[in-house]
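**Student:** Sequence and predicted structure, then a few things I'm wondering about:
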Amino acid sequence: MSENMETGASVSNGSGAVGAGYEKEEGNLSPEDLSEMLAAGTKEVHEKAENTQFVKDFLRGRIRKELFKLGAVALYHTYTAMEEEIERNKDHSQFAPLYFPAELHRHEALARDLEYFYGPDWKSKISCSQATQQYVDRIHQVGQEDPVLLVAHAYTRYMGDLSGGQVLRKVAQRALKLPPTGEGLEFYQFDAIHSAKAFKQLYRSRMNELDLDVATKKKLVEEAVKAFHFNMEVFEELEEIGKTIQEDVQDAGMSVHGETGGDISKCPYYAAKMAASGGTAYFGQLVMAALRHPTGQVLFATWFAALAGLAAWYLM
C-alpha cells in the first residue's frame, strides 16, 4: 500500500489499480448500499455478542492467561480457511474487487505468533476446537458452493482487524512483556496499509460497487449474521475452557490506560460501544476496569481481534 491512498491516487490490490472511486463520501451512501445493509442487518446480533458472558467477564478483567494462546489458535484456523477460499475464488467476478492478499491476509502472521508462543513444533501442539471447526466448515462450504458469500466473512473479519488493532497491539505488547520488535503480535500489524481509515473506505466502496442484486445482498447480510453467531460460539467455548483452567484471577486494580493517554474515549472498543448505544456510564466503568490490570489488557487485546469483527461497522 502506498501513500497514494491518502491522496486519492491509484492503489494496487494485486489485480490492477483502483482510481479515486474509493473517495465516495459517507454522506452519499444509501440504504441499498451493501455496507449500510450489513450495518443495519447485523446490529441486533452484534448487541447479543457483546452480552455473552465471556465478553462481559473479560471487560471486568477476569481472565485466564491461557485463553490468549487458545484465541490465537482459533483465529489461525479461521483465517487459514478463509484465505484458502479467497485464493480459490480470487478471480470470481463477485469477489475479485476485494482481493487484497498483501494488505489483509493474516494466516501467515498468526503462524509466526503461534511459533513464538508454542515453539518450533507449534503445529503438533495445537488443534482446531469444535466451535472453530464449525466456523471453518462453513467458510469452506460457501467458498466452494456460493463464493459471493465470502464477501460477508471477509468484511466481518478484516474490517474488524483494522479497527483499533494498532492500539491493542501496543496494549498486549506491554501486558505480556513481549519484545518491542513485535514477536507474538504480528496478527495486529498491517505493514502494507499506511492508513487504516482510508483502506476501510476503499474496501467499503469496492464492496458497494459489486454488481449484486437485492436478493444477493440480503443473502450476504444473513451470512454476516451467521458469522457473528460462529464468533459467539467460539466465545462461549472459550468461556467453558476457562472454567477448567486453574489459574489465579484478579479483578482490575490501578488504572493503566497506556496508549490512550488516560483518555478512555480513545479506547477502540469503548468507541464502538458508544457509537452503538449512545453512551452509558456503566459500560465506561467496565472498560476502565478491563484496562486497569495487565491481565485484563491481555485478554482485551487478544479477543478484540475477534470481537472487533463484531463491532467493525460502528468503528468505520
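**Tutor:** That came through, no problem. Residues are numbered from 1 along each chain as shown.
**Student:** For Leu110, which residues are in contact?
**Tutor:** By CB atoms under 8 Å, 6 or more residues apart in numbering, the contact set of Leu110 is 72, 75-76, 79-80, 186-187. Bear in mind the C-beta positions are built from the backbone N, C-alpha and C, glycine included.
**Student:** can you do 6 Å?
**Tutor:** Residues near Leu110 by CB atoms under 6 Å, 6 or more residues apart in numbering: 75-76, 187.
**Student:** and it, what element?
**Tutor:** Element membership for Leu110 (DSSP states H and E) is helix 107-118.
**Student:** so what secondary structure elements neighbour the very next helix or strand once past that helix?
**Tutor:** Remark: after helix 107-118, the chain's next helix or strand is helix 130-145, criterion DSSP H and E. Counting contacts by 3 or more CB pairs under 6 Å, 6 or more residues apart in numbering; DSSP states H and E, helix 130-145 packs against helix 66-88, helix 214-244.
**Student:** What residues sit buried inside stretch 229-248?
**Tutor:** 230-235, 237-239, 242 (16 or more other CB atoms under 10 Å).
**Student:** Low-confidence regions, the stretch 201-316 of the chain specifically.
**Tutor:** Flagging of the stretch 201-316 of the chain using pLDDT under 70 yields the residue ranges 246-316.
**Student:** mind exporting stretch 208-222 as PDB, just the C-alpha atoms?
**Tutor:** Only the C-alpha atoms of stretch 208-222 are listed here, as PDB (Å, rounded to 0.1, in the frame of the first residue of the first chain):
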ATOM      1  CA  ASN A 208     -20.800  -1.200  -2.500                       C
ATOM      2  CA  GLU A 209     -19.800  -1.300  -6.200                       C
ATOM      3  CA  LEU A 210     -20.100  -5.000  -6.600                       C
ATOM      4  CA  ASP A 211     -22.700  -5.900  -9.200                       C
ATOM      5  CA  LEU A 212     -25.200  -7.600  -6.800                       C
ATOM      6  CA  ASP A 213     -29.000  -7.700  -6.900                       C
ATOM      7  CA  VAL A 214     -31.100  -7.000  -3.800                       C
ATOM      8  CA  ALA A 215     -31.700 -10.700  -3.100                       C
ATOM      9  CA  THR A 216     -27.900 -11.400  -3.100                       C
ATOM     10  CA  LYS A 217     -27.300  -8.500  -0.800                       C
ATOM     11  CA  LYS A 218     -29.900  -9.900   1.600                       C
ATOM     12  CA  LYS A 219     -28.100 -13.300   1.500                       C
ATOM     13  CA  LEU A 220     -24.900 -11.600   2.400                       C
ATOM     14  CA  VAL A 221     -26.500  -9.900   5.400                       C
ATOM     15  CA  GLU A 222     -27.800 -13.300   6.500                       C
END
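**Student:** And for that stretch, what's in contact with it?
**Tutor:** 33-35, 37-38, 41, 94, 151-152.
**Student:** ok so, going back, of the helices and strands packed on helix 130-145, which is nearest Lys177?
**Tutor:** Lys177 lies closest to helix 66-88 among these, at 12.8 Å (CB to CB).
**Student:** Now the helix or strand just after the closest one - C-alpha only, PDB.
**Tutor:** For helix 66-88, the following helix or strand on the C-terminal side (DSSP H and E) is helix 101-104. Once non-C-alpha atoms are left out, helix 101-104 reads as follows in PDB (Å, rounded to 0.1, in the frame of the first residue of the first chain):
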ATOM      1  CA  PRO A 101      -3.700 -10.500  -0.100                       C
ATOM      2  CA  ALA A 102      -0.600  -8.400   0.600                       C
ATOM      3  CA  GLU A 103      -2.600  -5.900   2.600                       C
ATOM      4  CA  LEU A 104      -5.000  -8.100   4.500                       C
END
